[in-house]
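Colleague: Sequence and predicted structure are below.
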Amino acid sequence: MESVRLVSREYQANDTVVTVGQVHIGGGQPVYLAGPCSVESEKQITEIAELIQGSAHILRGGAFKPRTSPYSFQGLGEEGLRFLKAAGERVGLPVVTEVMSEEEVDLVADYVDMLQIGARNMQNYALLKKVGAQEKPVLLKRGLAATIGEFLLSAEYILAAGNKQVVLCERGIRTFSNSYTRNTLDISAVPILKHLTHLPVIVDPSHATGSWDLIEPLAKASIAAGADGLMIEVHNHPSEALSDGPQSLKPEKFNALVQDLNALSRFLVENLKGGGK
Ligand code: PEP
Ligand code: MN
């Protein structure tokens, strides 16, 4: 495998800090990106934004959705982008959404503060070059079965095209058929990536597990493993969600979890002596 250059620790020793609106990701306090899997209506995204604004740093919500089945809800498209942007402005949070194709990059970038490349598009090199050639920060999710080396090379495409503002997201990988989790969270990816690259690394325990009740333990594990933040799906009525309801936290649960994660993060910083390092 060809080795990476621009994303490597050898190229840059200091942690990259990625700036999204007023929010800084990397080398500091954990950052929380939260919101529904899909923007479903103006009311839905606005209500969720209002309920989590005190805990979340960045509001998420999909408008162009990469659904496994063509018969599943595909997202509201540009209308969804409009609702997401308005909800973010209303509560004062920057917003992130997925862009699925090269042709839609300019449109999506007009509405949001950060562009998400989904797991299914991690190796869409034309799309990576396109988001690399524009200025909005990029959230790059690990492919469903991508190695760490392939993940880093995908990030390298974006940096090589000129955009240094990239956040990596571990979101679980395919291992073997398992009725208990949707994917397998590769927690080892966090310290390995932090060692190999200066880019910030976050974890998405929603897509990694598929179950809301596994979010809390894996979110804690991710912070303990050194993640720079988390992406968590939050829905005000998970049982009625048009996508990913079973892996979405209710807003009050998310808010309580953030309190605990902040306490855990403070504890780690103040009490651990760096044993084993
Ligand atoms: C998402 O964040 O809603 C999503 C589709 O994630 P992934 O690309 O990791 O499956
Ligand atoms: Mn989702």
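Modeller: Structure received. Ligands and ions are numbered 1, 2, ... in the order given.

Colleague: Okay, the closest residue to ligand 2 within the stretch 151-277 of the chain and ligand 1: tell me how far apart.
Modeller: Closest to ligand 2 within the stretch 151-277 of the chain is D244: 3.8 Å, counting by Cβ to the ion. No exception for glycine: its C-beta is placed from N, CA and C like everyone else's. With distances taken as Cβ to the nearest ligand atom, to the nearest Å, D244 is found 7 Å from ligand 1.

Colleague: give the contact list for A146.
Modeller: By Cβ atoms under 8 Å, 6 or more residues apart in numbering, the contact set of A146 is 122-123, 154, 173.

Colleague: where's it, which helix or strand?
Modeller: A146 belongs to no helix or strand when elements are defined using DSSP states H and E.

Colleague: Looking at the contacts of A146, which are in helices?
Modeller: Taking DSSP state H, the ones among the contacts of A146 that sit in helices are S154.

Colleague: check the contacts of A146 against ligand 1, which are close?
Modeller: With the criterion set as Cβ under 6 Å from any ligand atom, no member of the contacts of A146 is near ligand 1.

Colleague: Make CSV out of the contacts of A146 and add pLDDT and neighbour count.
Modeller: Formatted as CSV, these follow (pLDDT from 0 to 100; neighbours: other Cβ atoms under 10 Å):
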residue, pLDDT, neighbour count
M122, 98, 25
Q123, 98, 16
S154, 98, 26
I173, 98, 20
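
Colleague: Count the neighbours of whichever residue of the stretch 1-150 of the chain sits closest to ligand 1 for me.
Modeller: Nearest residue of the stretch 1-150 of the chain to ligand 1 (Cβ to the nearest ligand atom) works out as G118 at 3.0 Å. When neighbours are defined as other Cβ atoms under 10 Å, G118 has 23 of them.

Colleague: What of E270?
Modeller: Count around E270 with other Cβ under 10 Å applied: 7.

Colleague: I'd assumed it was in a helix, is it?
Modeller: Yes. Checked against DSSP: H, G, I helix; E, B strand; the rest coil, E270 lies within a helix.

Colleague: Can you report how many residues lie near whichever residue of the stretch 1-150 of the chain sits closest to ligand 2?
Modeller: The nearest approach of the stretch 1-150 of the chain to ligand 2 comes at C37, 3.2 Å away (Cβ to the ion). Residue neighbour count, defined by other Cβ under 10 Å, stands at 24 for C37.

Colleague: which non-adjacent residue is nearest it?
Modeller: D244 (3.6 Å; Cβ to Cβ, 6 or more residues apart in numbering).

Colleague: Pretty sure D204 is one of the things the one you found touches, is it not?
Modeller: No. Between D244 and D204 no contact is recorded; they are 10.9 Å apart, counting by Cβ atoms under 8 Å.

Colleague: who has more neighbours, the two?
Modeller: Using other Cβ under 10 Å as the criterion, D244 and D204 rank with D204 on top: 29 against 20.

Colleague: what sits against the more buried one?
Modeller: Neighbour list for D204: 141, 169-172, 230-232 [criterion: Cβ under 8 Å, 6+ apart].

Colleague: Reformat the residues you listed as JSON lines; add neighbour count, distance to ligand 1 and secondary structure.
Modeller: Formatted as JSON lines, the contacts of D204 follow (neighbours: other Cβ atoms under 10 Å; distance: Cβ to the nearest ligand atom, whole Å; DSSP: H, G, I helix; E, B strand; the rest coil):
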{"residue": "K141", "neighbour count": "26", "distance to ligand 1": "4", "secondary structure": "strand"}
{"residue": "C169", "neighbour count": "26", "distance to ligand 1": "7", "secondary structure": "strand"}
{"residue": "E170", "neighbour count": "28", "distance to ligand 1": "10", "secondary structure": "strand"}
{"residue": "R171", "neighbour count": "24", "distance to ligand 1": "4", "secondary structure": "coil"}
{"residue": "G172", "neighbour count": "25", "distance to ligand 1": "8", "secondary structure": "coil"}
{"residue": "L230", "neighbour count": "25", "distance to ligand 1": "12", "secondary structure": "strand"}
{"residue": "M231", "neighbour count": "25", "distance to ligand 1": "7", "secondary structure": "strand"}
{"residue": "I232", "neighbour count": "30", "distance to ligand 1": "10", "secondary structure": "strand"}
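
Colleague: Where do the strands of the stretch 1-150 of the chain begin and end?
Modeller: In the stretch 1-150 of the chain, the segments counted as strands under DSSP state E, counting those that start in this stretch are 18-20, 23-25, 31-35, 58-60, 95-98, 114-117, 138-141.
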